[in-house]
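S.K.: Here is a sequence with its predicted model. Questions after.
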Amino acid sequence: MSTELARMSSKSSNEVTRDITLCQKNLQFIEHNLDKQKTSVQKLKYETNKCLQDFEIAQCNHDHPAMVQINMESNIKYFAELIKSLQEKENILKNEIENTQQYLATLPYNNNVTVDELRRIGDMYYKNIIALAGHLYDIHNEVQVLKSRHLSFRREILNDNTNIFQLNQNLSSSNFFTSHPDTTGPNPFLGLTSAALNFGTFGLDQSGVLRNQD
């Protein structure tokens, strides 16, 4: 018996061990996701109950003015908790602002960046994104024109009415991607100009940045 066991290959047992390890990892992953979902459900339940409480307080104050309400204790408690919650959020926001300012102060080329400059930088990024979207829109229209010219050329010169740009009609309808008809219309990006993508746009000193990088 021991001789037969010794002659058996260890490949099968190794595969079983790997499968068991993989199953354990999958179970741990599923357990972790279940814990996250449970936490999310509890948070959603708490927020829902809080919203219902807020609605009840608001409806009570709307239906019965303060001068005719008999029990004001619940209202006082509600507004006290609301003020406390707002103060906590205010403190968190202040800490985040201070941490951001401290981080900016540690940057070698952003020592003089102000809040207004940061706001202007964000605005410039937004304008550049819109400008790029408009440029892609123009390219798309140009491609549509070239496609139409090519199909017209095939019809007139080659007597071929095949639309080579159309997806195969024999494709299964269960595919994730389906073709949509080409639509035309006015350019929604007219009147928007591209912001210059350089350091000067953001109010930063390019030479200073290069010196710090050196």
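M.R.: Here it is on my side, so go on.
S.K.: What count of nearby residues applies to residue 127?
M.R.: As a burial measure, residue 127 scores 16 neighbours (other Cβ atoms under 10 Å). C-beta: built from backbone N, CA, C; applies to glycine.
S.K.: those helices in the chain, which residues are they?
M.R.: Secondary structure of the chain by DSSP state H: the helices cover 2-7, 11-63, 73-106, 115-157, 206-213.
S.K.: what is the rounded mean pLDDT of the longest one?
M.R.: Spelled out, it's helix 11-63. Summarised as a single mean, pLDDT over helix 11-63 is 84.
S.K.: and it with helix 73-106, angle?
M.R.: Angle of helix 11-63 versus helix 73-106, following axes from the mean of the first three to the mean of the last three Cα atoms, to 10 degrees, is 120 degrees.
S.K.: And for the fourth one?
M.R.: Relative orientation of helix 115-157 with respect to helix 73-106: 80 degrees, computed using the same axes, to 10 degrees.
S.K.: Just the mean pLDDT for helix 115-157, thanks.
M.R.: Helix 115-157 shows a mean pLDDT of 85 in the predicted model.
S.K.: And for the shortest one?
M.R.: Mean pLDDT, computed over helix 2-7, is 58.
S.K.: For the helices of the chain, give me JSON lines that also has distance to residue 164.
M.R.: What follows is the helices of the chain, written out as JSON lines (distance: least, Cβ to Cβ, whole Å):
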{"stretch": "helix 2-7", "distance to residue 164": "63"}
{"stretch": "helix 11-63", "distance to residue 164": "46"}
{"stretch": "helix 73-106", "distance to residue 164": "54"}
{"stretch": "helix 115-157", "distance to residue 164": "8"}
{"stretch": "helix 206-213", "distance to residue 164": "48"}
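S.K.: State the distance from the closest residue to residue 165 other than its chain neighbours to residue 16.
M.R.: Spatially, and ignoring its direct neighbours in sequence, residue 165 is nearest to residue 147 (5.5 Å; Cβ to Cβ, 6 or more residues apart in numbering). Note on residue 147: its distance to residue 16, by Cβ to Cβ, to the nearest Å, is 57 Å.
S.K.: And the two? Which one has more around it.
M.R.: residue 147 (14 against 10).
S.K.: distance of the more buried one from residue 26?
M.R.: 47 Å.
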